[in-house]
Every structure is written in C-alpha cells, then in structure tokens.
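1. I would like the atomic coordinates for the input below:
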Amino acid sequence: MGNTEVRVRGLAARAGGWSARHRWAAVGIWVLFVVLAMGLGSAAGRVDVSEGDQLKGETHTAAQIIDDAGIKEPAAETVLIRSEDSGVTATGGAFRAAVADVVAAVEGTGKATGVTSPYTTHTISRDGRSALVQFDLRGDAETAADRIQPVLDAVAGVQKKHGSLRIEEIGGASMQKQYQDAFGDDFRQAEYSAVPVALGILLIAFGALVAALLPVALAVTAIMATMGLMGLVSHLQPMSDTANSVMLLVGMAVGVDYCLFYLRREREERKAGRDAGTALRIAAATSGRAIVVSGVTVCVAMAGMLFTGLAEFEAMGLASLMVVAVAMVGSVTVLPALLSLLGERVEKGRIPFLGRRRRRQGADSGSRFWTAVLRAVLARPLVSVVVAAGALLAIAAPALGMKTQQLTLDQEFGDSLPIVQTYNHVNDAFPGGNEPAQVVVKADDIGSPAVRRALADFKKEAVASGASRGPVDVKLYGAQNVALVSVPLVGGSDMDKATRSLEKLRDEVRPATLGKAAGVRAPITGQVAGNHDFNDQLMGSVLPVFAFVVVFAFLLMLLSFRSLTIALTSIVLNLLSVAAAYGVLVAVFQHGWGASLVGAEGVGAIVTWLPLFLFVILFGLSMDYHVFVVSRIREARMRGRTTREAIRHGVVTTAGVVTSAAVIMVAVFAIFGTLSMQSMKQMGVGLAVAVLIDATVIRGVLLPAVMALLGERNWYLPKWLHRLPDLTHDEAPAPVAAPVPERGERLPV
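-> Now for the predicted structure:
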C-alpha cells in the first residue's frame, strides 16, 4: 500500500497531530509538568490517612472523642517472661530476679515510662508460669517504632542472662519495627524489580532498545508525576503507603500498555508502506482513541473505590485514577512528539536475532499461534464458547464458598517473624491477646456517682457475661470527662470468637450498664472492633461500587462503539474473568489446592478487602485489551471486511501487543505474589491470574467466538438510542470494494 492521505477526527487524533507538529513544545511541556508536580508535591508534603479516619461508625467516633479531648495515648509495650519448666513459677526466686532485671533494663534505657511489675498489676497467668512487664514508650505513638530499638536491645540482654526462661517483647511499636525490618526491603525490591522486568519483556517484544525504552520511560515519568500530585491532593484526601504501592502497580501496567498499543500501531503502518507522518496520524486516530476510551473506563472503575467510605480505599482509588489519567494524557501527547522526533531512530539498538526476526515479518503477519487458534475458534464458535465458558465457570465455582476475614498475625506472616511466636505465646498464657477492646466513655461528668456506678457495673458484667476473663482496667481523665476501659476479649487471636465477644459487649453488656447512665457515650474500639467495623462497612459498599462500575463501564462502551451488543458482551466477559480469578484465589488460599507452590499454606481465608479491590482493578484493566481488540475489529468491519474476517484480522493483528502487554502485567503482579505477606501474595496472584485469563481465554477464544456467533448483531443499536453522542472510530474508513456477504450475514444498509 502506498502513502495515502488519511483524514482523521477526534480528540486523540487532534492531540497527536498537534504534538507531532510541535514536537519540542510537547516534550518540554511534559517534562515541565513532571518536574513541577514532583517539586510542588515534595514541598507540600504528603498527609497520610490517620488511624481515626480509617473507618466510620464506632471506631471513628471513639477516635474522635480521644482527639477532641487531646488525649495522646502512648505506644504500649509488653515483655513476656515465661517458664517452660513446670517446676519454675512466677513466685520463684529465679523468676523474680528475671522480672526485676527486665524492669531495671527497660527503665535504664530512658525511653520508657510507667514500667509496671506483674507482682503489682497481677498480670500472672493462671498456670503461674508466665508474667507480663508492661510499660509505655515516651513520645509520639506514631513514631514509636523509630525509638524502640534500645528497649529491644535491653530486653535481649536480659534474655542472655536468664537462659532458662523465655523473655520476649511485643507491642505495637516492636511489631511495626520488626515488620519494617523484615518487609521494607521486600517491598522495595519488588517495586524496583518491576522496571527491569518490564524492560526485558519489551526488548523481546520490539527487538530494539529505543522502542523498548519508550513505554518504560512513559510509565516511570507518569508514576513520578503522580507521586507529586498525591502530595498535593493528600491535603484534601489523605493518602497512604498502600495507595502508593497500588499506584505504582497500576501506573506501570497501564503506562506500558498504552505506549505499547500506540507504538505497535505506528510501526505496523510504517511497515505497510505509509510515510512517517501518515503512520503517526493513523496511530493517533486508532490506538490513540482506544487509549482514551480505555483510560476513561479505567478511571471510572477506579472511581468506584471512592464509594466505599473507607479512607484507605478512597486513597487507593484516587491515586490509581490519577496515574491512569496522567499516563493516558502522556500517551496521546508526548508519545507522538517523541515518535516524530525519533523517526526511524526508534529502531536503534536492535537486538541482533530479535531484530532480524522482526524485520522478516510483514505488517499484517500477526501471530502464527493465534492465527491457528482463531482458525479453530471461528470454524466452531459454538463449541468454543461452550468449552471456554464452561472451563471458566468451573474455575470460578470455588468462589461460591469464599470466606473473607482480616488475617490474623500468624495467618499474615506464618512463622517467618519471631514476633508471631511471641504473639501466640501471649495469647496462650493470657487469652484475650495483647490487643484488648477499648471502651471510650465520654460523659458530662465522668466523676458523678451514676457514671462511676455504671463503670463498675460494666467491669463486672463484662466478665460475668463471658465476653472477657479480665482484668478490665479503667483509666480516668477527669479534666476531659473521659474514661478509657480496656477489656481483653475471650477468643484472643481467633477472630471469629473474639468478634462474638465484641458483639456481646456492644449488644448486651453496654446497654445494660453504661447505656443506663444519662449523657454517656461509650463507643467500643480496638483491633477486633476495627476489623468488625471494616467488614461491615466494606460489605455495605459492595453493591453501590459494583453498580457504579458496571453501569458506567456499560455506558462508556455503548457511547464508544455505538453498539448495545458490544457493551453487553464487554460487561459479561469482564465479569467472567473476575469470577475466574476469585475461584483461583479461593482454591489456592482458602482450600490450599497448590498452596505450597506460592507459599500460602494454612491461610484458610481471603483477606477482606481483596475481592472488592480486585473487582475494581481488574474490571478497569480488562478494558485495556477489550477496547484495543474490539476497536481493531470494528475498524476492519468499517473498511468493508466481513464480520468473520474482521474478527480474524482484529484478533490476530493485536495478538502480539496484547500478549506482550499481558506478559508484562503478569510478571509485575507476580513479583508481588512472591512477597511474604499473605495479603500482598493474594493480591499479586489474583491480579496475575486474572490478567492471564483475560488476555488468553477471554480475548483469544471467547470474544471472537461470541462475536462470530452474533454476526451482524454485534453492531446492533436500537433506533431510540441513535441520538446518543457519536464517539466511534476517529479514522474515516478507506474506500474498498464491497465484500461478498457470508452465508447468514446481513450487511448494514
């Protein structure tokens, strides 16, 4: 095909055309944007989600009362002294000497305050072989992990002197410290590995260094700019480290994908004989448009997380939305400018073997593997639909029995952290755990006889009801008219039993005691309460988020393709891939089928936040492939090909780029599947499996088979919807001879 002037229209085409004509200006604006975003974000600093704002309900109310009262609860730590010899008890001389040494060592660091002996607080286990030395760390609890090391060293020194006893420290600060030491480098290594992994796959895909560097450069600069924007936006919507990690994952995935789609189309047109300018205009009108449609759809999906009412989810949703928007804008502006500047130099740095192989392939050669698959699928589309859909439904079946819960410390980390063993030892010796429920009592007059009587009744009934075995401690703040009541819950680390104890406190004990005192508010918070409130709020947000994402994705597909059929099949196929991913997660992490392959033995549940998170992320990312493939199919159909030929052309010519993009996504997500934290492992495995299924079974088999069965009904739009805005393909179809209709196929009038 020779050079042909191609008329284009639409936002993506106009943006690409402007950037190609004003190359240096487009590149300069992008660089300035990235630098300004990073500089302003760094200057503004990032505001993170506070513990009190994490949830609504009682947990939030309790945190608000404490904040309003100006009460700064210090970071509490505990040292467990334990004898494994039944003949050595807490009343013995050797045990008392160890307790005295622990108290002296902790006080000697100057970092602790309120150090208490178990002999004065009566924190001795029922079997008499364990005791707790308790204390608080000086300074802000938020930064306690940074100051805990001298205390840990002091306790370790006492352990060396008393080898016959087990002396172990645990608490919020020490747990955070060990977590940071163990997994901080783990996370950083995973994040740093994403870039070289993506670059390596792109080198194989393009066979040229410059072409491979462009997608990575776009993704990295989009991520850098978004990190700066997160700092600015955090003053309105607080962010978090989790949001930052999710942003990096999503940014790397979509940034590379969008650039890959654009670059592949531009190369394809040049190989077909177009001159550089014409090839770039066609890429802008076709792949550029697909990027805009996909990007807007992904942004809408990410916005679904804003409907949860959970601060952490809102932060993740907003961060993901921003990085997708930035990557999308960069793909349709600075990328055309760079391609125009580079010209043929985009092929520089060819990998010898790969470069020769790529040059031998024609512009429309497609993929031999997918050509063979498509031949079989299109020959028997009904059989293909039944087999592929049946297989995915079978994979999804375990999801019907999905059990979700917040993972306990031993479920999350297994035996990989020594502090997990300490946590279990404390729970064994003192059922109720080291994270008791906390009742925040606010009264008009905390010292009034009625309130004091209600507090005393609550202490007694908490134990009598079976919700706690005690001791129930009350700390009064007279000036603020606040009391903090600490209640160890029966159930300890068994979250189901502890939750039942919490519900008994809230529904039975509190109304019968504190609820009878006039002017008293008594929200119950703590780790178990936070998990319970989180679950309730998350479950309540599932339907609104689901409805928002599905409805808006449907409307966007309807407007973008002006086909009711395409919009409906898009939703159904995406839901099927998400369901299959759920099934794999349940099979591996809940039932343990093949769990040893990913280091997930003994988890027995899916972390509560993951199903909704996966739905939003996967529904958005699935649109990348779907929009790209269907756009090529529709483009071929509008050029005059029969529907089946258009399907073959669209799927085969996009197979290479979709495969490359999917391999990159799977590889990046799989890196997070190697982390030791089970929640991160579940997220990585779930995302990797879903993308793999989506790019192979869904796009390579089900989509073409379903479209082949539907024939001309693929482009059906009821007359009453013809007034919808026309956001269809930006490129005017080239005039070609009318094709011979397939049997049973109706050509549009």
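
2. what about the residue lying closest to residue 340 once chain neighbours are set aside, neighbour count?
-> Take residue 340 and drop its neighbours on the chain: the residue closest to it by C-beta to C-beta, 6 or more residues apart in numbering is residue 20, 4.2 Å away. Yep, even glycine has a C-beta here, placed from its N, CA and C like the rest. By the measure other C-beta atoms under 10 Å, the count of residues near residue 20 is 20.

3. after the lowest-mean-pLDDT helix or strand in the chain, which helix or strand is next?
-> Every helix and strand in the chain was compared by mean pLDDT, DSSP states H and E; the lowest is helix 352-360, with a mean of 54. Next in sequence after helix 352-360, counting helices and strands by DSSP states H and E, comes helix 368-379.

4. which strands or helices does that following helix pack on?
-> Helix 368-379 sits against helix 643-673, helix 703-710, with contacts defined as 3 or more C-beta pairs under 8 Å, 6 or more residues apart in numbering; DSSP states H and E.

5. on the pLDDT front, check the residue nearest in space to the middle of the chain for me.
-> Nearest residue to the geometric centre of the chain (C-alpha atoms, centre = their mean): residue 246, 5.0 Å. Residue 246 carries a pLDDT value of 83.

6. can you tell me how far the residue of the chain most remote from its centre is from residue 115?
-> Within the chain, residue 93 marks the point farthest from the mean C-alpha position, 52.8 Å out by C-alpha atoms, centre = their mean. If you measure residue 93 against residue 115 using C-beta to C-beta, to the nearest Å, the figure is 21 Å.

7. give me the element the residue nearest to residue 340 is part of.
-> Using DSSP H and E, residue 20 falls in helix 11-21.

8. quick one: contacts of that helix?
-> Residues outside helix 11-21 that contact it (C-beta atoms under 8 Å, 6 or more residues apart in numbering): 8, 26, 277, 280-281, 283-285, 288-289, 291-292, 332-337, 339-340, 730-731.

9. same check on stretch 211-225?
-> 30, 33-34, 37-38, 195, 198-199, 202-203, 205-206, 247-248, 251-252, 254-256, 258-260, 263, 267, 323, 326-327, 330-331, 334-335, 338-339, 346-347.

10. residues near residue 91, how many?
-> Residue 91 has 11 nearby residues by other C-beta under 10 Å.

11. did I read that right, it in a helix?
-> No - read with DSSP: H, G, I helix; E, B strand; the rest coil, residue 91 is coil and lies in no helix.

12. mind listing what the nearest residue to it once chain neighbours are set aside touches?
-> Leaving aside its sequence neighbours, residue 91 sits nearest to residue 128 (C-beta to C-beta, 6+ apart; 6.9 Å). By C-beta under 8 Å, 6+ apart, the contact set of residue 128 is 89-91.

13. list of residues touching the host helix or strand of residue 441?
-> Counting by DSSP H and E, the element that carries residue 441 is strand 437-442. Identification of contacts with strand 437-442 by C-beta under 8 Å, 6+ apart yields 61-62, 65-66, 69, 451, 455, 458, 481-489, 501-502, 505, 510, 514, 520-526, 528-529.

14. ok, then the element right after it?
-> helix 449-464.

15. which other helices and strands contact that following helix?
-> For helix 449-464, the packing partners by 3+ C-beta pairs under 8 Å, 6+ apart are strand 437-442, strand 482-487, helix 510-512.

16. so which of the ones you listed has the densest surroundings on average?
-> strand 437-442 (a mean of 25; mean count of other C-beta atoms under 10 Å).

17. mean confidence score for that strand?
-> 90.

18. ok, stretch 672-690 next?
-> Rounded mean pLDDT across stretch 672-690 is 84.

19. which of the residues in that stretch are buried?
-> Across stretch 672-690, burial judged by 16 or more other C-beta atoms under 10 Å covers 672-675, 677-690.

20. got a list of what residue 566 touches?
-> 557-558, 630, 714-715.

21. any idea how far residue 167 lies from residue 103?
-> Distance from residue 167 to residue 103, by C-beta to C-beta: 12 Å.

22. and these two? which has more neighbours close in?
-> Using other C-beta under 10 Å, the more surrounded residue of residue 167 and residue 103 is residue 167, with 23 against 19.

23. quick check: that one is in a strand.
-> Yes - according to three-state DSSP, residue 167 belongs to a strand.

24. identify the bridge partners of it.
-> residue 81 (DSSP bridges).

25. tell me the predicted confidence for it.
-> Residue 167 is given a pLDDT of 92.

26. contacts only, for it.
-> So residue 167 contacts 79-82, 98, 102, 155, 158-159 (C-beta under 8 Å, 6+ apart).

27. and for residue 256?
-> 198, 202, 215-216, 218-219, 661, 664.

28. do the same with residue 604
-> 403, 411, 589-590, 592.

29. so where's the stretch 451-600 of the chain shaky on pLDDT?
-> 492-494 (pLDDT under 70).

30. helices along that one, start to end?
-> 495-504, 510-512, 527-561, 564-585 (DSSP state H, counting those that start in this stretch).

31. which of those helices sits closest to residue 605?
-> Closest to residue 605 of the helices of the stretch 451-600 of the chain, according to C-beta to C-beta: helix 495-504, at 9.1 Å.

32. list the buried ones in that closest one?
-> For helix 495-504, using 16+ other C-beta under 10 Å, the buried residues are 495, 498-502, 504.

33. in the sheet, who's paired with the nearest residue to residue 66 once chain neighbours are set aside?
-> Excluding the flanking residues, the one nearest residue 66 by C-beta to C-beta, 6+ apart is residue 440, at 6.2 Å. Listed beta-bridge partners, residue 440: residue 484 (assigned using DSSP bridges).

34. touching, residue 94 and residue 162? I think so.
-> Yes - counting by C-beta atoms under 8 Å, residue 94 touches residue 162, with 7.3 Å between them.

35. neighbour count winner among the two?
-> Neighbour totals were compared for residue 94 and residue 162, and residue 162 leads with 17 against 13 (other C-beta under 10 Å).

36. report pLDDT for that one.
-> At residue 162, pLDDT is 90.

37. list the contacts for it?
-> 94, 97-98, 101.

38. do residue 258 as well
-> 218, 291, 294-295, 327-328, 330-331, 624.

39. so which of those residues belong to helices?
-> 218, 291, 294-295, 327-328, 330-331, 624 (DSSP state H).

40. including neighbour count and distance to residue 373, could those go into TSV?
-> Listed next are the ones in helices among the contacts of residue 258 as TSV, based on neighbours: other C-beta atoms under 10 Å; distance: C-beta to C-beta, whole Å:
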residue	neighbour count	distance to residue 373
218	26	31
291	29	26
294	29	24
295	25	29
327	29	30
328	24	30
330	24	33
331	32	29
624	30	20
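
41. which of the residues you listed lies closest to residue 393?
-> Looking across the ones in helices among the contacts of residue 258 and measuring by C-beta to C-beta, the closest to residue 393 is residue 624, at 23.8 Å.

42. give me every residue that touches the closest one.
-> Here residue 624 is in contact with 254, 257-258, 294, 298, 661 (criterion: C-beta under 8 Å, 6+ apart).

43. check those and tell me the two furthest apart.
-> 298 and 661 (13.4 Å).
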